[in-house]
Every structure is written in C-alpha cells, then in structure tokens.
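Asker: Give me coordinates for this.
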Amino acid sequence: MPLAELHLERHTPDATVTAMNDLVEVYANVYNVPPYIGDPFFTPAMFRDRLLAATEMAGFECLTAHTADGVMIGLVHGVTLSVERPWWPSLGDHRPKALITAAEAGDVAWLRELMVLPQHTKLGVGRHLHDEWIAGRGQSWTTLTCIPSNEPAYSAYLRWGYEVMGQIKHADDSPVYDAMFLPSTPR
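Answerer: Next up is the predicted model:
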C-alpha cells in the first residue's frame, strides 16, 4: 500500500481507551510469533494493562495508521519521559549529559511501543508512524527500549539514528531491553 493512501489518526488518552479493542487486536497479531508466544509479559491482556497505565502518564499520545478503507494496520504510542521511571536512572553515566538535562526539563519523548501488522511491514509504515509521532511532540530527544533480538525493529532503530545507552528491565518478569536515544530535529 502506498504511504499516500495511509491515514494517520492521533488519539488522546480518552480516544485511546475508546479504540482499545482495535489496538489490542493489532498487538495480538504482531506479537503472535516466537519468542513472544507463551511469554506472560507479552499477552494481549498485559499490553492492554500497560497501555491503560500509559494513558495516565504525562504527555501520552497514540498515533494509528489505517488503510483507505479504515482498517488499523499499525500504531505507536508514548509519553514524556519521567525521570522517575526506574529504568531511566538505572542507566547512570551511560546517558548523555544533554539528554539528562533535557529529561529533567520534560523535553524527552519516550516512544513506548511501535508496531505494524506483519502483512504491512517493509513498506515504510513503521518509519512513517515513528517520524510523524516524533514530529508532533515538539520534544528535542526521543528514547525507547527494544529487545536486541526483536528484528527487524532493532536494526531499523539503529539505521534511523538511535544509539544504545545500556541495558534495562522494565519489570522483574520482563526481558532485557537496550535503552536507546535519538536526538530529534533541533527546534
């Protein structure tokens, strides 16, 4: 599908809750592959819980991609990075000083999740969602966490300019993630 035919929709926290069933359906289709199948951290119910919790965080926004006939094929969501998130200070001196200062000023976006249905990957949809979500935020930096074996996402983030700061865990039952950052276009 050409990107010109893609419809993007921005969702407030309330609109995200309203669209929850569609968002969970996309997640369930994307994560219905090894090594995620059977891992309790990656169930659709856990995604729903994490997404609902995210809607309560400062700066939450969800951006969805739809085909011309209205079918949701991808999404990205995130928040303003809180310096209180346990994974953030755990990186210590691995964080660039300018990024620490920006986070303290609320100038860092945390891209929590980006996904595209398998039948629509490798068409530029993920990159388009990523770039549009960041452009709409007005923050100078973007952070994300990614499981190193999550291909092709991990390699895409590196190609898009992200740099690895270190490794973290979001919870005791979560896998190990690489914490990454991307300086956004200067304002």
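Asker: what pLDDT does the residue lying farthest from the centre of the chain get?
Answerer: The centre of the chain is farthest from one residue, D69, which by C-alpha atoms, centre = their mean lies 24.8 Å away. Note on D69: pLDDT of 93.
Asker: what kind of secondary structure is it in?
Answerer: Judged by DSSP: H, G, I helix; E, B strand; the rest coil, the three-state class of D69 is coil.
Asker: Give me the most central residue, the chain.
Answerer: E113 (2.4 Å).
Asker: For the helix or strand hosting that residue, which outside residues touch it?
Answerer: Using DSSP states H and E, E113 sits within strand 108-116. Residues from elsewhere that reach strand 108-116, judged by C-beta atoms under 8 Å, 6 or more residues apart in numbering: 26-27, 30-31, 50-51, 54, 59, 65, 73-82, 85, 99, 102, 125-126, 129-130, 133-134, 137, 139-144, 153, 184. All C-beta atoms are positioned from the backbone trio N, CA, C, and that covers glycine.
Asker: Check stretch 22-31 too.
Answerer: For stretch 22-31, contacts defined as C-beta under 8 Å, 6+ apart pick out 16, 37, 42, 44, 47-48, 51, 62, 64, 72-75, 113, 115-118.
Asker: Now with 10 Å, please.
Answerer: Stretch 22-31 is contacted by residues 11, 16-17, 19, 36-37, 39, 42-48, 50-51, 62, 64-66, 71-75, 77, 113-119, 121 when judged by C-beta atoms under 10 Å, 6 or more residues apart in numbering.
Asker: Stretch 36-50 now?
Answerer: 20-21, 23-33, 35, 77, 112-113, 115, 147, 150, 170-175.
Asker: Could you list which of the residues you listed belong to strands?
Answerer: H77, R112, E113, M115 (DSSP state E).
Asker: how many neighbours does V33 have?
Answerer: Burial of V33 is recorded as 10 neighbouring residues (other C-beta atoms under 10 Å).
Asker: scratch that, P152 is what I was asking about
Answerer: 11.
Asker: for A156, same thing?
Answerer: 18.
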